[in-house]
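> just to be clear, the model below is a prediction. Sequence and coordinates:
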Amino acid sequence: MKKMIPVVLSLLILLTGCTTHKTIKTEQLTDFKSKILRVHKEINDLKFQMSPTLIEFNYYLNRKPDIGNDKEIFLKTKELALSSEFQNTVIEELYFKNYSKDDRNYPKIKIKFFITDRDRIEYEYYAFYYGPGFEGERDRPIDRYKTWFFSNFKTNDVQVTP
């Protein structure tokens, strides 16, 4: 039994090490964070993170959910994510340097809103690089993150209309 403990611990460390998020830092993101925190006082913190299949914008708010007011934050963040500078620097350089080097699978982008409890997401917006179809299907259309969806984890996800 004593011999199993190091093996189990090593396995746990390996598994948790592979799934941790990495903080994303660029000049563009630093400027964006500074501006959005200055304009939106309800934001306590904003974190930019990436993992093997995902790029996240995590907003931590100091008030109850307000989807109407938070839509402005979403639209500003969406504009940032669709900018050529973000696409080139964050996705093409940083993301592909750390993940999906050979097969170049583009990540999902999520904009998450956390309220009071830092571990619980109230709602999120998300988009895919590829359009509808089956994962791995060769002829899936390219959407380039133009189609976004909203999820409150209570009802079915809905497409966000411009």
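Right, received. Where do you want to start?
> can you list the low-confidence ranges for the protein?
Along the chain, segments meeting pLDDT under 70 span 1-19, 117, 133-138.
> what strand or helix carries the residue positioned nearest the centre of the chain?
In the chain, the residue lying closest to the centroid (Cα atoms, centre = their mean) is Glu56, at 1.7 Å. Element membership for Glu56 (DSSP states H and E) is strand 54-61.
> buried set for that strand?
Across strand 54-61, burial judged by 16 or more other Cβ atoms under 10 Å covers Ile55, Glu56, Phe57, Asn58, Tyr59, Tyr60, Leu61. The way it works is simple: take the backbone N, C-alpha and C, and place the C-beta from them, glycine included.
> check which helix or strand covers the closest residue to the fourth one other than its chain neighbours.
Once its chain neighbours are removed from consideration, Asn58 has its nearest residue in Lys47; the separation is 4.4 Å (Cβ to Cβ, 6 or more residues apart in numbering). For Lys47, the element it lies in under DSSP H and E is strand 43-51.
> can you list the strands that that strand pairs with?
strand 22-23 (antiparallel), strand 54-61 (antiparallel) (DSSP bridges).
> neighbours of Phe153, how many?
For Phe153, the neighbour count with other Cβ atoms under 10 Å is 10.
> and stretch 131-151, end to end?
Taking Cα to Cα, to the nearest Å, stretch 131-151 runs 18 Å from one end to the other.
> buried set for it?
Tyr145, Trp148, Phe150, Ser151.
> most widely separated two among the residues you listed?
Tyr145 and Ser151 (16.0 Å; Cβ to Cβ).
> nearest residue to Pro52 in space, please, no chain neighbours.
Nearest one to Pro52, counting by Cβ to Cβ, 6+ apart, is Tyr99 at 4.8 Å.
> need the distance between the two termini of stretch 150-162.
12 Å.
> residues contacting it, please?
Here stretch 150-162 makes contact (Cβ atoms under 8 Å, 6 or more residues apart in numbering) with Ile67, Phe74, Ile121, Glu122, Tyr123, Glu124, Tyr125, Tyr126, Thr147, Trp148, Phe149.
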